[in-house]
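S.K.: Whatever this is, show me its structure:
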Amino acid sequence: MIQPPLTLHRVPVLSIFTGAGWALNSSLRMRLIRRKIAVVVVLAYVFFSLYAAYSVFFSRKVISRVHRVVKKGSADNSKAGEEEWNPWEEDEHADSITVLQKRREAYRSYQERIAKSRPKRYKVQILGKAAIGLYLWEHILEGSLNPTDKTGQWREGEIQSGKINFSFYTGPAVVQGHVPLDTDSVVLVLNGREQQKISYSIQWLQHVQALVQAHTISKVAVVLLGSEQCTNDWISPYLKRQGGFVDLLFLVYDSPWVNDKDVFQWPLGVATYRHFPVVMPNTQMVSSARPYICNFLGTVYKNSSREALMGILKQNGLEKQCLTNAREKWLPQETADTSRQYQMALAQSDLTLCPVGVNTECYRIYEACAYGSVPVVEDILTPGACADGRSSPLRLLKDAGAPFVFLKDWKELPAILEKERVMSQAEKTERRMRLLEWYTGFRQQMKDKFTEVLEEAFFKLS
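M.R.: Numbering: from 1, shown residues only. A predicted model of the protein is given here:
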């Protein structure tokens, strides 16, 4: 069988190449489009990432958790427009309160640490029911009183000494049951010189005893102007060592009871009951020449050493050199004129003569010191039950190194005054300055002792 011949068709070469080129171009275009889409996607992702990072790290409002903001329209307040509502607002407010509370607690803790670092203060109330209370308050503790009128019915003051805040009440209106107690530690200032004063003091002691029994008061001290013969047995039952409630006793005069444990000697001081002032030394008082060698203004009793003193002054012609004014009767109160004359005599004399009275210790000694007039003290023990020790009489003053002139007999006085005549003004000024400095130091010493004894006995501070 014969096969028909093959028929060859002529296909143009250009057509073949043209179809292939179109297919190639389509493929390239698709790749470019996909590349553009990929670039756009990458750019969008980078932009979103940067925005998210900015929102988290640089936005002023810290978003603690993912939340959405819902715009809540207010139908009642259309003028105010729409406001943002945060569903976690209460949680954030609670966190703010917690932070504020922590800050307050930290500040409170800081204040407590500061308070603990400060020295603790203690309160002691002094009830001045004897004139020597004013010497304690104004001359020793250096406190002031309100009102300043010395005749005031009720006077009070406050002062700080050591770790104790003292308050002081005095005057006729300060009576039992009508004094505000702001502490459980009390100091009573009493007078035990005569029976009438003792009876009044016992009433106060019984009143305070009732307060102790009622647990209103727990610590009690007494400053006592004792008997000039040192007979003070009436107060013994009230002392704690005798089963009573009085922890401490500060006692005037050289009592044999003094042991510096629960009984301490206290100075008589100046006559505050005669309104003797607190004297402030000045340059004129220290350095100026004084017209009189000595002075004595006081009561002269029959057959006493004072009578002997006046006789010696007259016998030796010393009355013109010494300012004297003797009277036969003791006056409990001075007039304004006699008080001024007495203080002038102290201020214008180099020496003040201090003969013994019922006791060797007298107000005149301390008053002379206040004006820089050296006390010339009759150094003999008076009758009574006072201690007859090595330093007695005037044990407290001698132990403190008082720069006085001591003599046993007034017959020694003319020789003492003769030495005064030849003493230069510079020597007198130096001696006067030494006396004033000693008296200032003595009062400071008594202030420190009084405060320290109370701190240790009342508050166990040593």
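S.K.: From here on, just use CA atoms for contacts and neighbour counts.
M.R.: Will do.
S.K.: residue ranges with poor pLDDT in the protein?
M.R.: Where the chain drops to pLDDT under 70, the residues are 1-27, 56-94, 114-119, 330-333, 462.
S.K.: residue ranges for the strands of it, please.
M.R.: Assignment of strands within the chain using DSSP state E yields the ranges 70-72, 83-85, 122-128, 155-161, 164-170, 185-191, 219-225, 248-252, 263-266, 292-299, 322-327, 349-354, 374-378, 405-407.
S.K.: Deepest-packed of those, please.
M.R.: strand 349-354 (a mean of 26; mean count of other CA atoms under 10 Å).
S.K.: before we move on, the earlier item: quick check: which of the strands of the chain is nearest to residue 434?
M.R.: strand 374-378 (10.0 Å; CA to CA).
S.K.: Now distance to residue 458 too, for the strands of the chain, in TSV please.
M.R.: As requested, the strands of the chain are exported to TSV (distance: least, CA to CA, whole Å):
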stretch	distance to residue 458
strand 70-72	72
strand 83-85	66
strand 122-128	9
strand 155-161	15
strand 164-170	11
strand 185-191	7
strand 219-225	6
strand 248-252	9
strand 263-266	14
strand 292-299	42
strand 322-327	47
strand 349-354	38
strand 374-378	37
strand 405-407	38
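S.K.: Quickly note the distance from the residue sitting nearest the centre point of the chain to residue 154.
M.R.: Of all residues in the chain, the one closest to the mean position by CA atoms, centre = their mean is residue 160, 2.9 Å from it. Counting by CA to CA, to the nearest Å, the gap between residue 160 and residue 154 amounts to 21 Å.
S.K.: Repeat that for residue 323.
M.R.: 38 Å.
S.K.: and if you look at residue 298?
M.R.: 31 Å.
S.K.: Residue 406 now?
M.R.: Per CA to CA, residue 406 is found 41 Å from residue 154.
S.K.: how far away is the nearest residue to residue 159 once chain neighbours are set aside from residue 212?
M.R.: Once flanking residues are discounted, residue 159 sits nearest to residue 166: 5.3 Å by CA to CA, 6 or more residues apart in numbering. Counting by CA to CA, the gap from residue 166 to residue 212 is 20 Å.
S.K.: ok, now residue 96?
M.R.: Applying CA to CA to residue 96 and residue 212 gives a distance of 53 Å.
S.K.: between these two, who's got more neighbours?
M.R.: Counting neighbours by other CA atoms under 10 Å for residue 96 and for residue 212 shows that residue 212 has the greater number, 17 against 11.
S.K.: I figured the more buried one hits residue 205, correct?
M.R.: No: using CA atoms under 8 Å, residue 212 is not in contact with residue 205, being 10.4 Å away.
S.K.: Leaving out the residues flanking it, which one is nearest to residue 184?
M.R.: residue 217 is the one closest to residue 184 (CA to CA, 6+ apart), at 4.1 Å.
S.K.: and the one you found, what is it in contact with?
M.R.: 183-186, 208, 211 (CA atoms under 8 Å, 6 or more residues apart in numbering).
S.K.: Return the distance of it relative to residue 209.
M.R.: Residue 217 is 9 Å from residue 209, by CA to CA.
S.K.: just residue 435 next, same as before
M.R.: For residue 435, the distance to residue 209 - CA to CA - is 42 Å.
S.K.: Looking at those two now, which is surrounded by more residues?
M.R.: residue 435 (24 against 20).
S.K.: separation between that one and residue 276?
M.R.: 19 Å.
S.K.: Residue 216 too?
M.R.: 36 Å.
S.K.: Same question for residue 442.
M.R.: 18 Å.
S.K.: before we move on, what about residue 179?
M.R.: Taken as CA to CA, the span from residue 179 to residue 276 is 27 Å.
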